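Asker: Next come a sequence and a model predicted from it.
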Amino acid sequence: MQTGPAARTGPFFFGDLVMTVFEDLETFHGVHGRPATGGARCQGCPDTAMAGYTLLELVAILIIVGILAAVLAPRFIGTSGFTGQTTADKLLAAARYAETLAQNQGVTTSLAVGANSFSVTQNGVAVANPTLQSASFVVPLPAGVTITPQTTVNFVRPGIPSAAPTFTVAGAGFTARIYVTTTGYVYECASQGPCPP
């Protein structure tokens with residue numbers, strides 16, 4: 001009975017063909033792979049195991065890199081711009097929410113901007129936060145971020161505001177302006193064009 005890759009048929013023929021190709025690569029290119037079939041080691045393979053890092057060494061390296069990233073990253077990546085933009089987005093959402101409540105509920109709703117926070121109120125009481133139903137809609141300002149002017153805008157039933165201020169949200173290296181129009185349209189000036197003078 002004839003043996004060898006040429007005589008084999010069925011599901012094992014393709015695997016034998018692939019092994020033959022890899023053995024030829026070892027012969028012509030000096031590529032050392034796994035031991036040959038039958039448990040014999042390939043010719044020219046080193047007797048010792050290949051050198052590498054242990055799991056303990058890799059974990060130690062990852063810990064050191066993590067500590068360095070935590071200490072040095074804040075020095076190169078400032079977060080003040082992100083904090084300022086987040087505050088501007090929250091102020092924009094608060095103004096639009098106050099307008100929506102005035103339109104839907106028929107109750108005068110106010111956007112009150114103070115020195116340390118801003119809030120949405122009805123009859124002097126902060127309304128429920130739509131994202132956190134258990135909390136009142138009072139947003140404290142992060143450290144280093146200010147909003148001017150500090151004023152209160154009252155929205156009446158059709159959504160018309162009592163004033164049309166341009167709020168400036170400022171932080172370290174960041175400035176955004178939120179404009180309230182006389183018709184009740186509220187937008188961020190940078191995203192919709194320049195604010196009116």
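Answerer: All right, it came through fine. Residues are numbered from 1 along each chain as shown.
Asker: check which helix or strand covers Gly184.
Answerer: Secondary structure from DSSP states H and E places Gly184 outside every helix and strand.
Asker: Quick one: neighbours of it, just the number.
Answerer: Burial of Gly184 is recorded as 20 neighbouring residues (other CB atoms under 10 Å). Heads up, the C-betas are built off the backbone N, CA and C, glycines and all.
Asker: Same question for Ala164.
Answerer: Ala164: 16 neighbours (other CB under 10 Å).
Asker: what secondary structure does it sit in?
Answerer: coil (DSSP: H, G, I helix; E, B strand; the rest coil).
Asker: quick one: the nearest residue to it once chain neighbours are set aside from Gly84, how far?
Answerer: Distance criterion CB to CB, 6 or more residues apart in numbering; nearest residue to Ala164, sequence neighbours excluded, is Thr182 at 4.7 Å. With the distance defined as CB to CB, to the nearest Å, Thr182 ends up 27 Å from Gly84.
Asker: which element is Ala73 on?
Answerer: helix 55-76.
Asker: What average pLDDT does the helix or strand following that helix get?
Answerer: Scanning forward in sequence from helix 55-76 by DSSP H and E, the next helix or strand is helix 80-105. For helix 80-105, mean pLDDT is 87.
Asker: same question, stretch 145-154
Answerer: 94.
Asker: Just the C-alpha atoms of that stretch, please, in PDB.
Answerer: Presented in PDB, the C-alpha positions along stretch 145-154 are these (Å, rounded to 0.1, in the frame of the first residue of the first chain):
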ATOM      1  CA  VAL A 145     -15.900  78.500  35.200                       C
ATOM      2  CA  THR A 146     -18.100  81.600  35.300                       C
ATOM      3  CA  ILE A 147     -21.300  82.700  33.600                       C
ATOM      4  CA  THR A 148     -22.100  86.400  33.000                       C
ATOM      5  CA  PRO A 149     -24.500  88.200  33.300                       C
ATOM      6  CA  GLN A 150     -25.900  86.900  36.500                       C
ATOM      7  CA  THR A 151     -29.600  87.400  35.900                       C
ATOM      8  CA  THR A 152     -33.000  85.700  35.700                       C
ATOM      9  CA  VAL A 153     -34.900  85.200  32.400                       C
ATOM     10  CA  ASN A 154     -38.700  84.500  32.800                       C
END
